[in-house]
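In: next come a sequence and a model predicted from it.
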2 protein chains.
Amino acid sequence: MATGRTHRPATRSRGIPEATVARLPLYLRALTALSERSVPTVSSEELAAAAGVNSAKLRKDFSYLGSYGTRGVGYDVEYLVYQISRELGLTQDWPVVIVGIGNLGAALANYGGFASRGFRVAALIDADPAMTGKPVAGLPVRHTDDLESIIRDNGVSIGVIATPAGAAQQVCDRLVAAGVTSILNFAPTVLSVPDGVDVRKVDLSIELQILAFHEQRKAGEEPGRPAAPAGPVAAAARPAAAPAAPTAPTTSATGSAAAVTAATAGGRKGPEGDVPAVMPA
Amino acid sequence: MATGRTHRPATRSRGIPEATVARLPLYLRALTALSERSVPTVSSEELAAAAGVNSAKLRKDFSYLGSYGTRGVGYDVEYLVYQISRELGLTQDWPVVIVGIGNLGAALANYGGFASRGFRVAALIDADPAMTGKPVAGLPVRHTDDLESIIRDNGVSIGVIATPAGAAQQVCDRLVAAGVTSILNFAPTVLSVPDGVDVRKVDLSIELQILAFHEQRKAGEEPGRPAAPAGPVAAAARPAAAPAAPTAPTTSATGSAAAVTAATAGGRKGPEGDVPAVMPA
DNA sequence: TTGTGTGAAATCATTCACAGCG
DNA sequence: CGCTGTGAATGATTTCACACAA
């Protein structure tokens, strides 16, 4: 954090690690599926497999919430669904607005996963007058002029920004001024917000770039294979040919594709996760 | 990274931490913006601000790539753009396919951020025969029957899954069998893939749930404010009323909204990030 | 003098491994 | 006896703080 205040040790207890919070929705989804199949109890091993994590991590995560399991037996599915829902704040109904009803905004409006949890799309907002009134996902698109009143009338505290990058900060400012304190940003920009406002960012292009990084490494390994079955088409440098270093720096790390070797070879990844690409701020 | 096999210390060197890899695209975007404004050099402080991280982190990140800066001056923008692009594998051209051309798939197809980096949408694929041949974002939608030949003919190694959850695993299996080794999954399911295949997951509903968690906490603080200006509408429990615990467990953590207090009060978070919600596997 | 590059320290997260409850 | 809950060990990431190059 921004040195913000060097807060004390987070008041001891009641402090659930962010990494754990980020996994709770995963567990919740797996549990919901079990619940629908009327499965009464699960072991940490089973649930972990369904959620795609390992059981030690899952048990540790749950230990932050309390002792909701039964030793020698496992966890009561219904009970755990409720506890996690409550912890995440999903026993409340959260009205959200989506600003920017282009392709992505429309997709979000139609996305079923919102309503199935505690989220309700209170309004769709777009700056284009031609869009105003048009029904999208059963809701008439409202004009940006009404943004403030929509926020206040519906008690909205969560906003989703799906506008072009250029409009995002301005929309963000208006949302915040009107009372929104959590923002999910799909626009490829860094938003600046006052203290107390949370921003999470989803960036499709970033996700692909991270995949490309790992993909690139795979090309430089494969000890005894006939060369990669698929791969990038052209290896030509793209915009300009490698600009020369300002003053010919060390450049110790030449790192051609063949230099990698061991990093990703052999049994690369198990079902475990590492670092993500969606982040606050 | 996926640690795969308790590998040794990642071969020493050539091992860029995952957390760093995940931030490189961020730096790249900020640098690209500077480049377009013809800014010749930046300091770590300036670039860090533009990317939304702190400068110590940025310098440490860059130190894994090599020494590309000039002490007392800063970094050459063009040179750094090139170095990061190369490190991420963006000096190559990556053909991708998008499977599932619903609202989201269409939004992705139209998303400009792909082409602007090294990504090229090689094909759009959908299982609905009614969609076949329809132009979306300037490309005719192809039928799922042709998936394998499309992958092979175009040398595709990265696939994007935007199908309903029920179809995702099957699509994934076919992509992998055809040679795809990196998958970006938008379907709300845990995909299982063989070793050597990377999966990244983007889940909109999970992002909102994480925001809701933090939003909920904010309600329980605000020392001297007139109560939150906006918030959840109904506080009623949602599906069933709190299921009783199997055998009445400890339930020490009652955690009503008012119990939080200090956690988010005061200067909560600065522009610094914590934990994300998009993860591999 | 300025701002990079980096060891060392501090923090956070994951994994291990096992005591002990049902 | 099986499986949870959790201290302790390990590993990864962030932050500090400062030597040193330009």
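Out: Yep, it's here.
In: please count neighbours and contacts with C-alpha atoms only from this point.
Out: Noted.
In: let me see the contact set for A:Tyr75.
Out: Going by Cα atoms under 8 Å, 6 or more residues apart in numbering or on different chains, A:Tyr75 touches A:Thr41, A:Val42, A:Ser43, A:Ser44, A:Tyr68, A:Gly69.
In: how about A:Asp173?
Out: By Cα under 8 Å, 6+ apart, the neighbours of A:Asp173 are A:Val193.
In: mind redoing it with 10 Å?
Out: Listed by Cα atoms under 10 Å, 6 or more residues apart in numbering or on different chains, the contact partners of A:Asp173 are A:Val180, A:Leu191, A:Ser192, A:Val193, A:Pro194.
In: am I right that A:Ala106 is in a helix?
Out: Yes. Residue state for A:Ala106 (DSSP: H, G, I helix; E, B strand; the rest coil) corresponds to a helix.
In: so it touches A:Ile98, yeah?
Out: Yes. Counting by Cα atoms under 10 Å, A:Ile98 is a contact partner of A:Ala106 at 9.0 Å.
In: so what sits against both of these two?
Out: Common contact partners of A:Ala106 and A:Ile98 (Cα under 10 Å, 6+ apart): A:Leu124, A:Ala162.
In: the two: which has the busier surroundings?
Out: The neighbour count for A:Ala106 versus A:Ile98, taken as other Cα atoms under 10 Å in any protein chain shown, is higher for A:Ile98 (23 against 19).
In: tell me if the helix or strand containing that one is near chain B.
Out: Secondary structure from DSSP states H and E places A:Ile98 in strand A:94-99. Yes. Under the criterion of Cα under 10 Å from any Cα of the partner chain, strand A:94-99 makes contact with chain B via A:Trp94, A:Pro95, A:Val96.
In: ok, which stretches of chain A are helices?
Out: For chain A, the helices defined by DSSP state H occupy A:18-36, A:44-51, A:55-65, A:77-88, A:103-110, A:112-116, A:147-154, A:165-178, A:204-219.
In: tell me the average confidence for the shortest one?
Out: Averaging the model's pLDDT scores along helix A:112-116 yields 82.
In: using PDB, write out every CA atom in it.
Out: Provided in PDB are the C-alpha atoms of helix A:112-116 (Å, rounded to 0.1, in the frame of the first residue of the first chain):
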ATOM      1  CA  GLY A 112     -25.800 -14.400 -15.900                       C
ATOM      2  CA  GLY A 113     -23.100 -14.700 -13.300                       C
ATOM      3  CA  PHE A 114     -24.000 -11.400 -11.800                       C
ATOM      4  CA  ALA A 115     -27.600 -12.000 -10.800                       C
ATOM      5  CA  SER A 116     -26.800 -15.500  -9.700                       C
END
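In: contacts made by it with the rest, please.
Out: Residues outside helix A:112-116 that contact it (Cα under 10 Å, 6+ apart) are A:93-96, A:108-109, A:119-121, B:188, B:203-206, B:208-209.
In: what do you get if the cut-off is 8 Å, keeping everything else the same?
Out: The contact list for helix A:112-116 (Cα under 8 Å, 6+ apart) reads A:Arg120, A:Val121, B:Leu204, B:Ser205.
In: what's around the third one, how many residues?
Out: Applying other Cα under 10 Å, we find 19 other residues in the vicinity of B:Leu204.
In: which residues touch it?
Out: A:Gly113.
In: now it: how far from B:Asn185?
Out: B:Leu204 sits 11 Å away from B:Asn185, going by Cα to Cα, to the nearest Å.
In: same deal with the second one?
Out: With distances taken as Cα to Cα, A:Val121 is found 24 Å from B:Asn185.
In: and the two? Which one has more around it.
Out: B:Asn185 (27 against 20).
In: the more buried one touches B:Val202, doesn't it?
Out: Yes. B:Asn185 lies in contact with B:Val202 (Cα atoms under 8 Å); the separation is 6.2 Å.
In: hey, what's in contact with both of the two?
Out: Joint contacts of B:Asn185 and B:Val202 (Cα under 8 Å, 6+ apart) do not exist.
In: can you pull the contacts of the residue nearest to A:Ala178 when sequence neighbours are not counted?
Out: Using Cα to Cα, 6 or more residues apart in numbering or on different chains and skipping residues adjacent in sequence, the residue nearest A:Ala178 is A:Glu148, 5.4 Å away. Listed by Cα under 8 Å, 6+ apart, the contact set of A:Glu148 reads A:Arg174, A:Leu175, A:Ala178.
In: a markdown table please, covering the residues you listed and showing neighbour count and pLDDT.
Out: Compiled in a markdown table, those are given as follows (neighbours: other Cα atoms under 10 Å in any protein chain shown; pLDDT from 0 to 100):
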| residue | neighbour count | pLDDT |
| --- | --- | --- |
| A:Arg174 | 15 | 98 |
| A:Leu175 | 25 | 98 |
| A:Ala178 | 20 | 98 |
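In: ok, those residues vs DNA strand D, which is closest?
Out: Using Cα to the nearest atom of the strand, A:Leu175 is the member of the contacts of A:Glu148 that lies nearest DNA strand D, at 26.8 Å.
In: who touches the closest one in this structure?
Out: A:Leu175 touches A:Leu147, A:Glu148, A:Ile151, A:Gly159, counting by Cα under 8 Å, 6+ apart.
In: sorry, back to before: just the contacts of helix A:112-116 that are near DNA strand C?
Out: Counting by Cα under 7 Å from any atom of the strand, nothing from the contacts of helix A:112-116 sits close to DNA strand C.
In: now the residues you listed in JSON lines, with distance to DNA strand D and pLDDT?
Out: Listed next are the contacts of helix A:112-116 as JSON lines, based on distance: Cα to the nearest atom of the strand, whole Å; pLDDT from 0 to 100:
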{"residue": "A:Arg120", "distance to DNA strand D": "32", "pLDDT": "96"}
{"residue": "A:Val121", "distance to DNA strand D": "32", "pLDDT": "97"}
{"residue": "B:Leu204", "distance to DNA strand D": "22", "pLDDT": "88"}
{"residue": "B:Ser205", "distance to DNA strand D": "23", "pLDDT": "92"}
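In: can I see the domain layout of chain A?
Out: Structural domains annotated on chain A: A:18-86, A:94-204, as defined by automatic domain parsing.
In: okay, those domains, which one's buried deepest?
Out: domain A:94-204 (a mean of 20; mean count of other Cα atoms under 10 Å in any protein chain shown).
In: end to end on it, go ahead and measure it.
Out: Criterion Cα to Cα; first-to-last residue distance in domain A:94-204 is 25 Å.
In: stretch A:41-48 vs DNA strand D: in contact?
Out: Yes. Against DNA strand D, stretch A:41-48 shows contacts by Cα under 7 Å from any atom of the strand at A:Val42, A:Ser43, A:Ser44, A:Glu45.
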